[in-house]
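Colleague: Got a predicted structure here, sequence first:
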Amino acid sequence: MNLPFDLTPAPAGYMAIVLLVAAFVRGYSGFGMPALVMTSAALVMDPLVWVPVVLMAEVLLTLQQAAGIRRHIDWRRALSLAAGALIGVPLGVYVLTNIGLDLARAILSGFVLTMCLLLWTGWTFKRKVGDAGHLGVGLISGIANGAAVGGLPVAVFFAAQAIPAAVFRATIIAYFAMLDISSTAALWAAGLVTSDTLLALAMALPLLMAGIWAGTWQFNRSAPQEFRRFAILLLAGLAGLGLLKSVL
């Protein structure tokens, strides 16, 4: 059987494990899957080919989670973020194809890592963040999503606010579904979606669905304070890995 992206069995097995773990993290936290897949894939192959795979997979996986999250979604936040991302997504594709992935990832990772250090000290926004703030973060997220790391600025933004864990997770999942649809369309128009992309997606979906189920099960058993602590540590870890890879 031919494997996508000219993968041999060993790297393919490695990526299968990566996808399962990344889906578990996404099922639990609502974010992190694209960044985990991209960072891990870079150790064995060109990670850029996984960008459209992961973005399309996230849209499909949201359908799996829809019944459990829909009552917790803060649609005003999600739609404000999506409005900003509509402007940011085309800029993100430009960054991906012209400026360079490493520089963009280094800047974003440095920002997220700094924010995580502040959050760990207990810092949060003292006032409620309005629509303008969500629009701005959505713009940054749309740009970053060209490198499949659009979740990091939104997750750190949510972690800096007093948002219940269920609302945090549900709203970020709903937002990403909207963001990933527009990002996939932009990548398709740029010629970055191929037959190998669709084959990889089809092969990855069973693993991803299993990981999402396991992560959701774990979330339902966790206390809210455990969720916030995990989210900050996950963000810091992803940002640190992204910064290290960009520098090296």
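Modeller: Happy to help now that I have it. Residues are numbered from 1 along each chain as shown.

Colleague: for the protein, what spans make up the helices?
Modeller: Under the criterion DSSP state H, helices of the chain are mapped to 9-29, 33-41, 50-69, 75-94, 101-120, 131-144, 151-159, 165-189, 195-220, 224-247.

Colleague: among those helices, which gets the worst mean confidence?
Modeller: Here the helices of the chain differ in mean pLDDT, and the lowest is helix 101-120 at a mean of 77.

Colleague: any idea how far Val129 is from Leu20?
Modeller: Distance, Val129 to Leu20, by Cβ to Cβ, to the nearest Å: 35 Å. C-beta coordinates here come from the backbone N, C-alpha and C atoms, glycine included.

Colleague: same deal with Thr62?
Modeller: 18 Å.

Colleague: Same question for Ile140.
Modeller: 30 Å.

Colleague: Met203 too?
Modeller: Separation of Met203 from Leu20 (Cβ to Cβ) stands at 12 Å.

Colleague: and what of Arg77?
Modeller: From Arg77 to Leu20 the distance is 30 Å (Cβ to Cβ).

Colleague: Quick check on these two: which one has the bigger neighbour count.
Modeller: Arg77 (26 against 17; other Cβ atoms under 10 Å).

Colleague: Could you give the number of residues near the residue nearest to Ala57 when sequence neighbours are not counted?
Modeller: With Cβ to Cβ, 6 or more residues apart in numbering as the criterion, Ala57 has its nearest non-adjacent residue at 5.5 Å, and that residue is Leu208. By the criterion of other Cβ under 10 Å, Leu208 has 26 neighbours.

Colleague: go on, Leu187?
Modeller: 25.

Colleague: which residues does it contact?
Modeller: By Cβ atoms under 8 Å, 6 or more residues apart in numbering, Leu187 lies in contact with 51-52, 55, 93, 193.

Colleague: Generate a ChimeraX selection restricted to the buried entries among the residues you listed.
Modeller: The ChimeraX command for the buried members of the contacts of Leu187 (criterion: 16 or more other Cβ atoms under 10 Å) is given here:
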select :51,52,55,93,193
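
Colleague: Against Leu48, how distant is the closest residue to Leu103 other than its chain neighbours?
Modeller: Distance criterion Cβ to Cβ, 6+ apart; nearest residue to Leu103, sequence neighbours excluded, is Ser246 at 7.2 Å. Computed as Cβ to Cβ, the Ser246 to Leu48 distance reads 14 Å.

Colleague: Likewise for Pro164?
Modeller: Using Cβ to Cβ, we find Pro164 at a distance of 36 Å from Leu48.

Colleague: and the gap between the nearest residue to Ala177 once chain neighbours are set aside and Arg26?
Modeller: Nearest residue to Ala177 in three dimensions, chain neighbours excluded: Thr62, at 4.2 Å (Cβ to Cβ, 6+ apart). Here the criterion is Cβ to Cβ. By it, Thr62 lies 10 Å from Arg26.

Colleague: now do Leu234
Modeller: Between Leu234 and Arg26 the distance is 10 Å, computed by Cβ to Cβ.

Colleague: what do you get for Trp188?
Modeller: With distances taken as Cβ to Cβ, Trp188 is found 22 Å from Arg26.

Colleague: The two: which is more packed in?
Modeller: Between Trp188 and Arg26, Arg26 has the larger neighbour count (other Cβ under 10 Å), namely 30 against 14.

Colleague: Is it correct that that one is in contact with Met33?
Modeller: Yes: shown here, Arg26 and Met33 form a contact pair, counting by Cβ atoms under 8 Å, at 3.8 Å.

Colleague: who touches both of these two?
Modeller: Glu58.

Colleague: The residue nearest to Phe111 when sequence neighbours are not counted - how many residues pack around it?
Modeller: Once flanking residues are discounted, Phe111 sits nearest to Pro153: 7.4 Å by Cβ to Cβ, 6+ apart. Neighbour count for Pro153, taken as other Cβ under 10 Å: 25.
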